[in-house]
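Student: I would like the atomic coordinates for the input below:
(one chain, ligands or ions: 1)
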Amino acid sequence: MKKNPSILLIYTGGTIGMMKDSETGVLRNFNFDELLHQIPELNLLDCNISTYSVDEPIDSSNINPEHWITIAELIEKNYSIYEGFVVLHGSDTMSYTASTLSFMLENLAKPVIFTGSQLPIGDLRTDAKENLITSIQIAALQDPDGSCIKEVGLYFEYKLYRANRTTKLNAEHFQAFASLNYSPLIESGVHLTIHRDKLLKPNKKPLKVYKTLETNILLIKLFPGITDQVLNHLFNTPNIKGVILETYGAGNTTTAPWFINLIKQTIKREIPIINVTQCSGGRVIMGQYETSIKLKQMGVISGKDMTTEAALGKLMVLLGQKISPKHFKNSYEKNLRGEMAEN
Ligand code: ASP
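Tutor: Below is the predicted model of the structure:
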């Protein structure tokens, strides 16, 4: 068991490191060193903290797959040096980044904990300090066989979640995230309660990092009244490599012939279509209703109980691996990083 583990704190931006412009009142990013000065408590932790800030910290609404590759490369480069990684990130797209990172990092045996805050670190009522301090403590947790957490997590408001199970649900409450289909990995009260049965079990193979992400994909949320014309236009966007369809309830859609025909033609063009539910909790069960049986028969891929964020990251990473169209459905429907139910 490692004493005084070394943690790399990576700063990408977000409210946690922002301050109010005195003239306009608009929140903008400030220097990472200033952020650390706001939390002298970090010196009391039983670990060695090194810091790295991206050149230009950003509001996470500006994040894109290039940034995800940068974060993955940073972790890969420092993987043997540190026992754990904490990534400070804006909460708006944190679930997208953290979910995708979970697929980019295969055989992860160390913690990568994403966190941020709803209020800037300098604010009197800030949630940033607790989120940051506990994230570092969690990243430093050691078991006799190495790190306690061996996966990508997201810590916010007293809970560590599996990152690829999370969604940002609230822009106001400190409890901004939810993981409706998988209960928390750790809860922070007087003690840290670790739910060991929930943790991903380690794989002894070396870390593998997937850095090719396919971004020519579509994410379409169905709504009553969506037209043939609009969907036809979208599905026929040149160069499209995959589609995520947010459907109703347990994976249901309209059975209008034009819609069914469009799905059939798209699958014929070897473009995978993933079915995820618009509901925050629960799962897709194609074939449960008449309104989804045809989708199943045509070879639409089941997103099961995955979040949209996880489905998107998984699609980008798997398409990047150039898996043959014949095997793509099978590969996608497999649980890779604890992101979906086994069956
Ligand atoms: N707009 C901010 C961001 O996502 C909000 C936050 O940090 O929570 O970067």
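
Student: quick check: pLDDT value at Pro144.
Tutor: Looking at Pro144, its pLDDT is 92.

Student: please apply the same query to the one 10 residues further on.
Tutor: The predicted local distance difference test score for Leu154 is 98.

Student: how about the residues of this protein near the ligand?
Tutor: 13-15, 59-61, 90-92, 116, 118 (CB under 6 Å from any ligand atom). Backbone N, C-alpha and C define where each C-beta goes, glycine included.

Student: please report how far Tyr96 lies from Leu219.
Tutor: Here the criterion is CB to CB, to the nearest Å. By it, Tyr96 lies 11 Å from Leu219.

Student: follow-up on the earlier one: redo the residues of the chain next to the ligand as CSV? Include secondary structure and neighbour count.
Tutor: Below are those laid out as CSV (DSSP: H, G, I helix; E, B strand; the rest coil; neighbours: other CB atoms under 10 Å):
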residue, secondary structure, neighbour count
Gly13, coil, 25
Gly14, coil, 27
Thr15, helix, 24
Asp59, coil, 16
Ser60, helix, 21
Ser61, helix, 10
Gly90, coil, 25
Ser91, coil, 23
Asp92, coil, 18
Gly116, coil, 28
Gln118, coil, 22
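
Student: on that earlier part again, higher neighbour count, Tyr96 and Leu219?
Tutor: Tyr96 (24 against 16; other CB atoms under 10 Å).

Student: for the more buried one, give me its contacts.
Tutor: Tyr96 makes contact with 63, 309, 312-313 under the criterion CB atoms under 8 Å, 6 or more residues apart in numbering.

Student: switch to 6 Å and redo it
Tutor: Glu309 (CB atoms under 6 Å, 6 or more residues apart in numbering).

Student: remind me which helix or strand it belongs to.
Tutor: helix 94-104 (DSSP states H and E).

Student: cool, and Asn203?
Tutor: Following DSSP H and E, there is no helix or strand that holds Asn203.

Student: residues near it, how many?
Tutor: Neighbours of Asn203 (other CB under 10 Å): 12.

Student: name the nearest residue to it, ignoring sequence neighbours.
Tutor: Excluding its sequence neighbours, the residue lying closest to Asn203 (CB to CB, 6 or more residues apart in numbering) is Asn107, at 4.7 Å.
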